[in-house]
Structure formats: structure tokens, C-alpha cells
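Asks: What follows is a predicted structure for the sequence shown.
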Amino acid sequence: MLQTLKALADPTRLRLLGILTHGEFTVQELTAILSMGQSRISRHLRILTDAGIASVKRQGTWGYYRLDMGDSLFDELWSNLERHLDTLADWPKDRNNLMSALEERRGRSQRFFDQHATQWDQLARELLPVVDYRSQLLQQVPHCHALLEVGGGTGALLPALSVKADQIVAVDHSAPMLAEARKHATQQGVPKVEFRLGEMSHLPLCDAEVNWAVLDMVLHHAPQPALVLRELARVLDSQGGVTIADLQRHEQEWVRSRLADQWLGFDIAELEDWFHQAGFDTPEFRYVSASGQEHDVIICTARKKSA
């Protein structure tokens, strides 16, 4: 108890916790948001991690700090303290810097995909080949009335998805990517697809508009994967669910610059945590292991929790 109270008894640490409620951040990002030196930020983060309030997740040589909920004392205290962050003199500036940092993450990804839309399929195959997993992905997608595909890129999966649903909503944040997907759907004679421009963390859909959602090699591009899952829960109906295929955790850091990846794949623990926070049942996982130079894939499927 005393360690938790001590950790909270400092305005800089409260500001750090306020930032971490919005996602996971590196020390470099936190120093920029708070306009402080790295050694000072690192000292405060060490106090928070020692108290079990925050934790660090390693992705290659990067460390991403996150807020740790679950301790009853901290959860109760923070639910009250968070409402009073505006009383801290520096918090309005921190909040603006935080939004700028998140926008920069999003902007880097969009600029990349706008630039490489017409060459994306070939680029991905050559630079980051993955094991053949799509038949197993499709097996996890039930037949439904309205299906959402998020970040479908050039529309390669649309023909196979079209036999799973009466209508499809395809969302991507890159207008050139959507143009490629629309062209591909027309060439393949894929019916009843509505293309919408939008962010995966702010989907251009109404509440409970679709029955199922599919994300195929998309989540590792998200600045805030947990926020994406919460947004998916919003647009799915009460019986809805999601199927996600993505990379298993790897250490190929070059993908950040060459393929605009935000995350080096995922592991079960973090995905389970994000699904739980978003209001889904515990997901079912399937591993598709590769040989040679191909990368392993993880497929997870989860339904919304019953009300």
C-alpha cells in the first residue's frame, strides 16, 4: 500500500499515468510529450514499475511502457485521481503533445500506404513473406448478413469474404488503397461491397452496424491496438465477433521503417488483455507455423461478451 501511495505522490508521475491511459509509449515518446530529460523520465518510470502500476513490454530494442490495472487499491485511487488531472498546471500542454504524438504515428502510416498502394501486395510478399494461413483464417469467419473488413488494403481477401456475407463494408485509412480495392473488386465481380474511408480507431460505422469483423495483417499497423478492439466492439452487434490474423512476435525491427509496422507482431497475453478490456470473451487462438524464411502467423477469434 505504501509503495503505491508513494508512487502517486508526485505530479510528474501522475502526468505519466495520464498519458499511459491512452496507450503504450517509449521513453523517447514520453520525453517529447512531457518536455523532460530522459534520465528524469526513466527514474519516474522505474518508481511506477516497481510499484506495479506500470510495466514495460520489449519489442526488439524498444521498450513500450503501459499502465497496469488490476490492483484494487490503485484502481480505486486512479478512478478518482484521473478526473482531477486538469488541476495539474502542465496537463493541458501534456494532453496536446500526446494528441500530436498519436497523430504523428497515424500520419506516418497513412503516408506510407498512400505512397505504396499500387505496389503494396508485391512489396509485402518480397519483404515480409508469411506462411500460407488464409484458408484457416476464412474457416474462422462465420456466414453473416453484414461483414466488416478493416484495413483490407488492395482488396485481395474480398472475393473469399463475399461468399461469407450478404454485404461487406471495407474500411481503410488510405484513399489510394481504397481505389485499388475498388478496382480489384470490380475486376473480380465481387458484389455488394461498400468502401469507406476511415481510421480503424474511429470507424465510419454506426453502433452495432455489422455482425462480424475481419482484420488480416492489420493490427500491427495500429498505433493503439487496444483502442481498435474497443472500436470494433462498438460497431458489432450483441452477438458479433472478430477474426484477426497477424504476425506472431518477432524481432525484425527493420519492418518499422520499411513497412510502416508499429508492432513487431503479438503474443497471446497482450491480445487476451486487449480483448478483455474491449468487452470480448477470451479469444481462441490458432498458430500457423512457417518454415524457412517465412514468418509465423497467429489467428484469433472472439465474440462479444453477453450482456
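Replies: Looks like it came in fine. These numbers come from a predicted model, not from an experiment. Residues are numbered from 1 along each chain as shown.

Asks: how about low-confidence regions in the stretch 201-307 of the chain?
Replies: Counting by pLDDT under 70, the stretch 201-307 of the chain has low-confidence residues at 307.

Asks: give me every residue that touches the residue positioned nearest the centre of the chain.
Replies: Of all residues in the chain, the one closest to the mean position by Cα atoms, centre = their mean is residue 225, 1.7 Å from it. For residue 225, the contacting residues are 219, 263, 266, 274, by Cβ atoms under 8 Å, 6 or more residues apart in numbering. (Each C-beta comes from the backbone N, C-alpha and C, glycine too.)

Asks: and of these, the nearest to residue 114?
Replies: Distances from residue 114 to the contacts of residue 225, taken as Cβ to Cβ, are shortest for residue 219 (19.8 Å).

Asks: picking that back up, out of the contacts of residue 225, what pair is the most spread apart?
Replies: By the measure Cβ to Cβ, 263 and 274 form the most distant pair in the contacts of residue 225, at 11.4 Å.

Asks: Looking at these two, which has the bigger crowd around it?
Replies: With neighbours defined as other Cβ atoms under 10 Å, residue 263 and residue 274 compare such that residue 263 has more, 23 against 20.

Asks: in terms of contact, does that one touch residue 218 like I think?
Replies: No. The pair residue 263 / residue 218 is not scored as a contact, 11.1 Å apart, by Cβ atoms under 8 Å.

Asks: Is residue 102 within a helix or a strand, and which one?
Replies: Using DSSP states H and E, residue 102 sits within helix 91-116.

Asks: Who are the packing partners of that helix?
Replies: Packed against helix 91-116, as judged by 3 or more Cβ pairs under 8 Å, 6 or more residues apart in numbering; DSSP states H and E, are the following elements: helix 11-20, helix 27-34, helix 175-188.

Asks: Can you tell me what sits against the longest one?
Replies: When you say that, I think you mean helix 175-188. Contacts of helix 175-188 from elsewhere in the structure, counted by Cβ under 8 Å, 6+ apart, are 113-114, 117-118, 120, 152-156, 158-159, 170, 172, 190, 193, 195, 197.

Asks: Could you pick out the buried ones from the residues you listed?
Replies: 113, 117, 120, 152-156, 158, 170, 172, 190, 193, 195 (16 or more other Cβ atoms under 10 Å).

Asks: Just these: which are in strands?
Replies: 170, 172, 193, 195 (DSSP state E).

Asks: what's the closest of those residues to residue 58?
Replies: Looking at these and their distance to residue 58, the nearest is residue 172, at 30.3 Å (Cβ to Cβ).

Asks: Distance check, the residue lying closest to the closest one once chain neighbours are set aside against residue 109.
Replies: Using Cβ to Cβ, 6 or more residues apart in numbering and skipping the chain neighbours, the partner closest in space to residue 172 is residue 178 (5.0 Å). Note on residue 178: its distance to residue 109, by Cβ to Cβ, to the nearest Å, is 15 Å.

Asks: swap in residue 257?
Replies: With distances defined as Cβ to Cβ, the gap from residue 257 to residue 109 amounts to 12 Å.

Asks: Next: residue 1.
Replies: To residue 109, residue 1 is 42 Å away according to Cβ to Cβ.

Asks: do residue 91 as well
Replies: In this structure, residue 91 lies at 27 Å from residue 109, with Cβ to Cβ as the measure.

Asks: next one: residue 42
Replies: Here the criterion is Cβ to Cβ. By it, residue 42 lies 27 Å from residue 109.

Asks: who's more crowded, these two?
Replies: Of the pair residue 42 and residue 109, residue 109 is the one with more neighbours under other Cβ under 10 Å, namely 20 against 14.

Asks: Could I get the full set of strands for the stretch 151-300 of the chain?
Replies: If DSSP state E, counting those that start in this stretch is used as the criterion, the strands of the stretch 151-300 of the chain fall at 165-172, 193-197, 210-216, 236-247, 284-288, 297-303.

Asks: Out of those strands, the one nearest residue 75 is which?
Replies: When those are ranked by distance to residue 75, counting by Cβ to Cβ, first place goes to strand 297-303 at 23.6 Å.

Asks: tell me what that closest one is packed against?
Replies: Using 3+ Cβ pairs under 8 Å, 6+ apart as the test, strand 297-303 ends up in contact with strand 236-247, helix 268-278, strand 284-288.

Asks: mind checking which of the ones you listed is nearest residue 47?
Replies: For those, distance to residue 47 was read as Cβ to Cβ. The smallest value, 22.9 Å, belongs to helix 268-278.

Asks: Perfect, that will be all.
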